[in-house]
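Student: My questions concern the predicted model and sequence given below.
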Amino acid sequence: MSQPGFFARSELTRVLWSFRREFFMVGIFSMVANVLMLSPTLYMLQVYDRVLMSRSELTLLAMSLITLFLFAVMAFSEWMRSRVLVRSGLRLDALLGTRVFNASFDSYLGQQGSGPARAFGDLIQIRQFLTGQGIFAFFDAPWAPIYVAVLFFLHPLLGWMAIFFSLVQVALAWFGHRHTVAPAEAASRAASDTGAYLQAKLRNAEVLESMGMVHNLRAHWLRRHTGTLGLQSQSQSLAHRITAWSKFIRYSQQSLALGAGALLVIEGQLSPGGMIASNVLMSRALAPIDMLVNTWRMFINARSAFGRLEALLGQYPEDDPSLKRVAPTGGLVLRDVVASAPGRATPILKGVSTAIAQAQVTVVLGPSGSGKSTLARAMIGIWPGVAGEVLLDGLPIESWDRAELGPHLGYLPQDVELFEGSIAENIARLGEVDSAQVIAAAKSAGLHEMILRFPKGYDTPMGEAGGMLSGGQRQRIGLARALYGEPVLVVLDEPNANLDDVGEQALVRAVHQLKEAGRTVVLITHRPGILAVADRLLILQDGRVQADGPRDEVLAALRAQQQAQAQAQAQAQQHAAREAQAGQGGGAVAPQAA
Ligand SMILES: Nc1ncnc2c1ncn2[C@@H]1O[C@H](COP(=O)(O)OP(=O)(O)OP(=O)(O)O)[C@@H](O)[C@H]1O
């Protein structure tokens, strides 16, 4: 069956459409359950108005047995619909969990989202709505008119009363929604902002403590916290007021319905059985509306979560499985790469072009802030705002499937973050540990002996090792992780920043090994000691390529440039000195002339 308009709209709506059979079944079970909910009322009517009048025990027995059977069917229907929904929830999670994880991770990388936690919160909210009380209200509400119709059948006054109270409840719900949603959202946003603020600052606990900044932090946090509390209490007090009104209306409706029934009995327009039955029916007629009112907030939240998730999945579509490629060989070409960042008026990279052939070692040099780290990220395709082309093996790097490409790339960022798990797991990139490869990578990074000195060797948990590892050692574990699995393109951002001479020698050896194995290496550094390994040099200056080419040519050009600059400077100085001499001479004449 083709999807109707709404369900064809997005990936998320298409997933929902795949649940049509389940929702149809829930609809059928809801119909059975709702129609059978009339049975206690009918039983009551029969007992009061027929059995008590006729005093027939046999009729009572027959009626009771039939009613019990109907109750069993009703309970079965309710149980079945819950079961179908719970299973649908699990299927929904299975269908979307991985997609949501990947999309939210990409969005986090692109610095446009709030990361996996929020997206999973959204998925949970949708699932809870679709499998819980919220959706029951939607399936039960359409049956409310049956109860109203039966009330009309008993007496029009009772029917009109049900309609009146339904309208009052709906109006109250609408009023509540209009006046409580905005403050509630503002309060929850403020609460999560305050939490995030504190968490971000606590990451620097050592700095805060060492310089006695905790007091200042507390003052900042308290200001935000007080604002949050104000918003929360405002939203809660409104919600409580509306709940109180809603209770008042519910109690009034029950008692007034009984009163109206009694009046009709007194006037001989209704039987006593009808009076009691109408009271039960009235509550039944209003129950779905009550439930809708109570779950409205859930619906609104689920709808917002749905919108957010829909946008996220739309922005980060699933990789096309037909785009599976052969492993890359490591040739990299950049054409007019412009990298910008939110909040910056000018781009960080302003049109960088270069070509790095396979098995070449390119060293990138440049002053601090010239864009070297940004270039490294652009080269491996993780800088979000890139214009121009970054081609790996002639294909745009963003078109590669990351999970497929990842094992072929090695990246060592400037700030090495290690993950929870053992040293071996960290080197093996959290995947299946291939011991031979882990040891090879550790040896290349010059780490093997050091790791063996740990009591648990490669199995030492990071938590335990953390205290034993120096900055340089952490960086070398990061290097081993980058080298693991023999990647074809290795980008190292200041790998020698924290290394001593021994560490640097190990690095030089590792780069030579990579080169011999035909791997492409890009190495960003401040330290000229490593230049010996370079085939090519790329010099960045304020986001532009100042020089790019074979190492010796670039160095010779630089030397020539420096010599020319020095000569020009010397000439300028000589010129200035002559001018000054001439000026002194002129100065001596001038007064005479005067
Ligand atoms: N995410 C970002 N958002 C905004 N600006 C950024 C971002 N990342 C880097 N920058 C800015 O871009 C410029 C270049 O940064 P980058 O880290 O690439 O330079 P670098 O040459 O590697 O510097 P260093 O040698 O000090 O590490 C800097 O001015 C930095 O402030």
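Tutor: Looks like it arrived, so ask away.
Student: Pull the number of nearby residues for the closest residue to Arg50 other than its chain neighbours.
Tutor: With Cβ to Cβ, 6 or more residues apart in numbering as the criterion, Arg50 has its nearest non-adjacent residue at 6.7 Å, and that residue is Thr59. (Glycine included, C-beta is placed from N, CA and C.) In terms of burial, Thr59 registers 14 neighbours under the definition other Cβ atoms under 10 Å.
Student: And the residue of the stretch 151-300 of the chain closest to the ligand?
Tutor: Across the stretch 151-300 of the chain, no residue is closer to the ligand than Ala200, which sits at 15.4 Å (Cβ to the nearest ligand atom).
Student: and after the host helix or strand of that residue, which helix or strand comes next?
Tutor: Assigned by DSSP states H and E, Ala200 belongs to helix 156-202. Remark: after helix 156-202, the chain's next helix or strand is helix 205-210, criterion DSSP H and E.
Student: Restrict that next one to CA atoms and write it as PDB.
Tutor: Included here for helix 205-210 are C-alpha records, laid out as PDB according to Å, rounded to 0.1, in the frame of the first residue of the first chain:
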ATOM      1  CA  ALA A 205      37.700  21.500  39.000                       C
ATOM      2  CA  GLU A 206      41.400  21.500  39.500                       C
ATOM      3  CA  VAL A 207      41.800  25.100  38.100                       C
ATOM      4  CA  LEU A 208      38.800  26.200  40.200                       C
ATOM      5  CA  GLU A 209      40.200  24.700  43.400                       C
ATOM      6  CA  SER A 210      43.800  25.800  42.900                       C
END
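Student: Mind checking if the helix or strand the residue nearest to Arg50 falls within is in reach of the ligand?
Tutor: Taking DSSP H and E as the definition, Thr59 sits inside helix 57-109. No - applying Cβ under 6 Å from any ligand atom, one finds helix 57-109 separated from the ligand by no less than 11.4 Å.
Student: And the helix or strand just after that helix, what's buried?
Tutor: Scanning forward in sequence from helix 57-109, with DSSP H and E defining helices and strands, the next element found is helix 116-131. By neighbour count, and taking 16 or more other Cβ atoms under 10 Å as the criterion, the buried residues in helix 116-131 are 116, 118-120, 122-123, 125-131.
Student: one step back: just want the angle from the helix holding Ala200 to helix 116-131.
Tutor: Angle between the axes of helix 156-202 and helix 116-131 is 160 degrees (criterion: axes from the mean of the first three to the mean of the last three Cα atoms, to 10 degrees).
Student: Show the secondary-structure elements that helix 156-202 is packed against.
Tutor: Helix 156-202 is packed against helix 144-154, helix 214-266, helix 272-315, with contacts defined by 3 or more Cβ pairs under 8 Å, 6 or more residues apart in numbering; DSSP states H and E.
Student: Dump the ones you listed into TSV; add distance to the ligand as well.
Tutor: Formatted as TSV, the entries for those read as follows, by distance: least, Cβ to the nearest ligand atom, whole Å:
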stretch	distance to the ligand
helix 144-154	55
helix 214-266	23
helix 272-315	19
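Student: Just tell me which of those ends up closest to Met80.
Tutor: Nearest to Met80, of all the helices and strands packed on helix 156-202, is helix 272-315, at 18.9 Å by Cβ to Cβ.
Student: for the record, mean pLDDT for the closest one?
Tutor: This predicted structure assigns helix 272-315 an average pLDDT of 82.
Student: neighbours around Leu281, how many?
Tutor: Leu281: 29 surrounding residues under other Cβ under 10 Å.
Student: Next up, the contacts around it.
Tutor: Applying Cβ atoms under 8 Å, 6 or more residues apart in numbering to Leu281 gives the contacts 38, 41, 147, 150-151, 154, 158, 162.
Student: now swap in Ile146 and tell me
Tutor: Applying Cβ under 8 Å, 6+ apart, we find Ile146 in contact with 34-35, 38.
Student: that older thread, and the helix holding Ala200 with helix 272-315, angle?
Tutor: 30 degrees.
Student: Let me know the next secondary structure element after the helix or strand of the chain with the lowest mean pLDDT.
Tutor: When each helix and strand of the chain is scored by mean pLDDT, DSSP states H and E, helix 462-468 comes last, with a mean of 64. Read in the C-terminal direction, the helix or strand following helix 462-468 is helix 471-483, with elements assigned using DSSP H and E.
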